[in-house]
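> quick one: sequence and predicted model below, then my questions.
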Amino acid sequence: MTRNLTTITEITTGLGMIPELSLDRAFFSEHPPKEFFGISDATWRELCSWWGDLELRPAFLDAFNAGRDFLFSPNALRNRPPKLIEWRGPIRPPERDPLPADLRIDHVFIVSCKNLSKVLRNPSPSVLFREGRTDGGVRGEDWYQIIAPVEYRSLYSAAISHLSLSDFPILPTELSISEKGTLKNALGGGWPYELKPQAHEFIQAVSNGSAAALNSVVNSLDKRERLYWQFIRLHSSSYYILGKQSSGPIRLRVLTPWDFRSRYSFIGMEISPAKQAQPQVNWSALVRDNESMTELYAEGHIEVRWSHGKFNGAPESKIYLDTPHHDAPGYEKI
């Protein structure tokens, strides 16, 4: 169903950009509109069949309205009918950190179709905290073992003792797949009361160490500004985000670094460890809007957590934007 909704959202957003086209008219046709490129006949037939599912109608209508808004926006198509709408579809882009493009209009307008969550990126913790980059990296590295080895092993030893797993290896790095699954199932949910002291020490060690590592690598104003650009996914080409949040529809243009520096002055970014139930680093960027001469904040946090349950797989980092997207410097309403 997730794939279905993604396909519906992306293609129907493009359909909404075609003047005088209705969804009924589009889906009674055997082929996509002549303006569309990249849709196979099989995908189009699937899309037409899903239009008949009343439970999916809201997704179609939301996407179509997003496309219509893009067509009429004075900061987008300005009511100019597109001659070419290209759908990327399931094709994986070749770049390491590509533009988040789902549609390209007339070879110029790049559109990302998504219902926005607070999660901005999901990089490897070792790449993020040791290199100040958010564009992937080696995901097999165990950041917990790197940044808090003593507390990590102490927590692991307390866990296998609490669970009476005397035949388990001494070190967490030596766990087998089946043993990892046993720990994951036994430790689902919050930490048992008996393990809370070790868990607290471990969480604070990871949070403190991760914040210190990132502060060390982004050790100048310029580097912190560029890290903020990475967090909110600024690229050398501007692009648009069409979708919705819980607060309602989202219609945004994402600035380029050039645009950003033309409009804003970056004042600084605070990076600090958080006190939460799992390892976390908080961040807060401060900029001055040179048009209104006001100071603006963008706040977020980075969670560092196991991707598949406790002691099961290498940890991942998730970068969150806690400020609403339309209030964060770098995004503009269209």
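Looks like it arrived, so ask away.
> tell me the mean pLDDT over the longest strand seen in the chain?
Secondary structure of the chain read by DSSP state E shows that its longest strand is strand 294-306. Across strand 294-306, the average pLDDT comes to 96.
> list the helices and strands that strand packs on?
Other helices and strands packing on strand 294-306, by 3 or more Cβ pairs under 8 Å, 6 or more residues apart in numbering; DSSP states H and E, are helix 196-217, strand 280-289, strand 315-321. Placement of C-beta: from N, CA and C, glycine included.
> one more time with 7 Å, if that's ok
Judged by 3 or more Cβ pairs under 7 Å, 6 or more residues apart in numbering; DSSP states H and E, strand 294-306 is in contact with strand 280-289, strand 315-321.
> which one, of those strands, ends up nearest to residue 155?
strand 315-321 (12.9 Å; Cβ to Cβ).
> name the helices or strands packed onto the closest one?
Contacts of strand 315-321 with other secondary structure elements, assessed using 3+ Cβ pairs under 7 Å, 6+ apart, are made with strand 119-121, helix 125-131, strand 294-306.
> residue 52 is nearest to which of those?
Once Cβ to Cβ is applied to these, the stretch that comes out nearest is strand 119-121, at 32.8 Å.
> neighbouring strands - and their directions - for the closest one?
Within its sheet, and counting by DSSP bridges, strand 119-121 is paired with strand 315-321 (antiparallel).
> quick one, the strand it pairs with and strand 280-289 angle?
Inter-element angle recorded for strand 315-321 and strand 280-289: 30 degrees (by axes from the mean of the first three to the mean of the last three Cα atoms, to 10 degrees).
> from now on call the first residue 43
With the count now opening at 43, the last piece we talked about shows up as strand 357-363.
> quick one: distance of the helix or strand just after strand 357-363 to the chain centre.
Towards the C-terminus, the helix or strand next in line after strand 357-363, according to DSSP states H and E, is strand 373-375. Its chain's average C-alpha position is 17 Å from that of strand 373-375, according to Cα atoms, centre = their mean, to the nearest Å.
> and for stretch 354-373?
Remark: stretch 354-373 is offset 6 Å from the chain centroid, using Cα atoms, centre = their mean.
> what's the helix or strand for residue 143?
Using DSSP H and E, residue 143 maps to neither a helix nor a strand.
> now the helices and strands packed on strand 336-348 in TSV, with mean neighbour count?
Written out in TSV, the entries for the helices and strands packed on strand 336-348 read as follows (neighbours: other Cβ atoms under 10 Å):
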stretch	mean neighbour count
strand 322-331	20
strand 357-363	21
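> going by mean pLDDT, which of those comes out lowest?
Going by mean pLDDT, the lowest-scoring of the helices and strands packed on strand 336-348 is strand 357-363, which has a mean of 94.
> what does that strand contact?
Strand 357-363 is touched from outside by 160-165, 167, 170, 176, 184-186, 273-274, 340, 342-349, 370, with contacts defined as Cβ atoms under 7 Å, 6 or more residues apart in numbering.
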